[in-house]
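# Let's see this in three dimensions:
(one chain, ligands or ions: 1)
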Amino acid sequence: MSATASPPAIFAEWIAALEARHLADLRVREVTRAVRALSLAYVEQRGSGVRGALDSAGKRAAFALFYAPLHFLTAHHIVRAVGAATPPPRTIVDLGCGTGAAGAGWALAAGGTPAVNGIDRHPWAIAEANWTYRQLGLRGRARAGDIARLPPLVAGTAVVAAFVLNELPVPARERLQARLLDAAARGVRILIIEPIARRLSPWWDDAALDVEAAGGRADEWRIAVDLPPPLDLLDKASGLDHRELTARSLYCSSRFG
Ligand SMILES: C[S@@+](CC[C@H](N)C(=O)[O-])C[C@H]1O[C@@H](n2cnc3c(N)ncnc32)[C@H](O)[C@@H]1O
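As a prediction, the model looks like this:
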């Protein structure tokens with residue numbers, strides 16, 4: 001589906017704060033190099049590459065300043081397009097929250113009222129997600145945890161897993177997917193977002209069939225974006241082209257609100 005992103009007004013403030021935070025001690029050239037390195041790590045999906053994705057200050061800055069806002073724009077757009085913004089969920093659980101982008105995107109698309117519970121295994125990501133929630137004026141808290149062990153989910157909760165399922169070992173991912181489908185049947189809204197490249201997630205078509213059989217939907221997205229200046233600069237300097245964001249999603253709505 002093609003459309004144009006329309007981020008909330010506070011997005012520009014967040015980008016300005018991210019720029020001040022992450023370019024204070026690093027040069028654009030260092031972050032650009034790290035954007036390229038992360039792009040390779042994620043595109044090639046080599047186990048060690050992905051595991052090392054946050055192992056240097058440059059890569060952490062590249063993730064927080066460049067990739068996380070792209071993930072925010074993607075999640076914010078998808079949530080609105082699939083009708084997941086209304087009614088606002090009481091709580092959004094963000095699995096593998098990274099710096100908090102996807103859960104924050106859902107919460108802001110839903111008017112900013114939902115509480116966001118981020119879960120990640122990386123201490124830097126957890127601290128950064130808590131900073132993101134504060135910057136975006138959200139009631140959010142990120143904590144350490146392994147998403148392979150899903151916390152109990154009550155009806156009325158929403159769960160997002162953005163750009164993370166591919167990082168799990170196959171048995172853990174399959175168990176998590178089964179538990180998410182089970183939660184969807186009990187009134188929990190579930191949103192899974194992954195890159196569009198099919199070879200990165202060979203499991204996608206089977207998962208889409210399961211979600212559709214459960215009354216959910218599978219979509220592919222092409223979202224035109226006007227990148228704000230610091231992102232546009234990093235995009236061009238890294239030899240990338242994110243004038244259009246692409247992603248795939250699986251969404252199970254809830255009959256229970
Ligand atoms: C590619 S990042 C995506 C972050 C975020 N969802 C976003 O859209 O920007 C993947 C994140 O998942 C986390 N992660 C990977 N496996 C995990 C696990 N088993 N438990 C908790 N977090 C995990 C990583 O630490 C990383 O922050």
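
# next helix or strand past the worst-scoring helix or strand of the chain on mean pLDDT?
Ranked by mean pLDDT, DSSP states H and E, the weakest helix or strand in the chain is helix 47-51, scoring a mean of 52. Going down the chain from helix 47-51, the next helix or strand is helix 57-62, by DSSP states H and E.

# just so I have it, where are all the strands in the chain?
2-4, 91-95, 115-120, 140-144, 157-162, 189-194, 217-224, 244-252 (DSSP state E).

# report the angle between the axes of the fourth one and strand 91-95?
Using axes from the mean of the first three to the mean of the last three Cα atoms, to 10 degrees, the inter-axis angle of strand 140-144 relative to strand 91-95 is 30 degrees.

# buried set for strand 140-144?
For strand 140-144, burial by neighbour count (16 or more other Cβ atoms under 10 Å) applies to 140, 142. For glycine as for every other residue, the C-beta is placed from the backbone atoms N, C-alpha and C.

# What is that strand packed up against?
helix 101-109, strand 115-120, helix 123-135 (3 or more Cβ pairs under 8 Å, 6 or more residues apart in numbering; DSSP states H and E).

# quick check: angle from that strand to strand 115-120?
Using the same axes, to 10 degrees: strand 140-144 against strand 115-120 is 20 degrees.

# Check the offset of strand 140-144 from the chain's centre.
Counting by Cα atoms, centre = their mean, to the nearest Å, strand 140-144 is centred 15 Å from the centre of its parent chain.

# What strands line up against that strand, and which way round?
Here strand 140-144 has these sheet partners by DSSP bridges: strand 115-120 (parallel).

# repeat for the second one
Using DSSP bridges, the strands paired with strand 91-95 in its sheet are strand 115-120 (parallel), strand 157-162 (parallel).

# ok, and for the last one, which residues are buried?
Counting neighbours by 16+ other Cβ under 10 Å, one finds that the buried residues in strand 157-162 are 157-162.

# right, is that strand up against the ligand?
Yes. Using Cβ under 6 Å from any ligand atom, strand 157-162 reaches the ligand at Ala162.

# Kindly calculate the angle that that strand makes with strand 244-252.
Going by the same axes, to 10 degrees, strand 157-162 makes 140 degrees with strand 244-252.

# The first one now?
Inter-element angle recorded for strand 115-120 and strand 244-252: 110 degrees (by the same axes, to 10 degrees).

# So in terms of bridging, what pairs with Ser2?
Where Ser2 sits in a bridge, its partners, by DSSP bridges, are Arg222.

# pLDDT score assigned to it?
Predicted confidence (pLDDT) for Ser2: 73.

# ditto for the one 4 residues further on
Among the per-residue scores, Ser6 holds a pLDDT of 89.

# how much space between it and Asp205?
Between Ser6 and Asp205 the distance is 31 Å, computed by Cβ to Cβ, to the nearest Å.

# And Ala213, by the same measure?
On the measure of Cβ to Cβ, Ala213 and Asp205 end up 13 Å apart.

# what does Ala178 give?
17 Å.

# hmm, back to that, most tightly packed of the helices and strands packed on strand 140-144?
helix 101-109 (a mean of 30; mean count of other Cβ atoms under 10 Å).

# How about the stretch 151-257 of the chain: which residue is closest to the ligand?
Ala162 (3.6 Å; Cβ to the nearest ligand atom).

# Who does that residue form a beta bridge with?
Ile193.

# residues touching it, list them.
Listed by Cβ atoms under 8 Å, 6 or more residues apart in numbering, the contact set of Ala162 reads 71, 74-75, 94, 96, 101-102, 191-193.

# cool, Ala68 as well?
18, 98-101, 132.

# Identify the farthest-apart pair in these.
Leu18 and Gly98 (13.2 Å; Cβ to Cβ).
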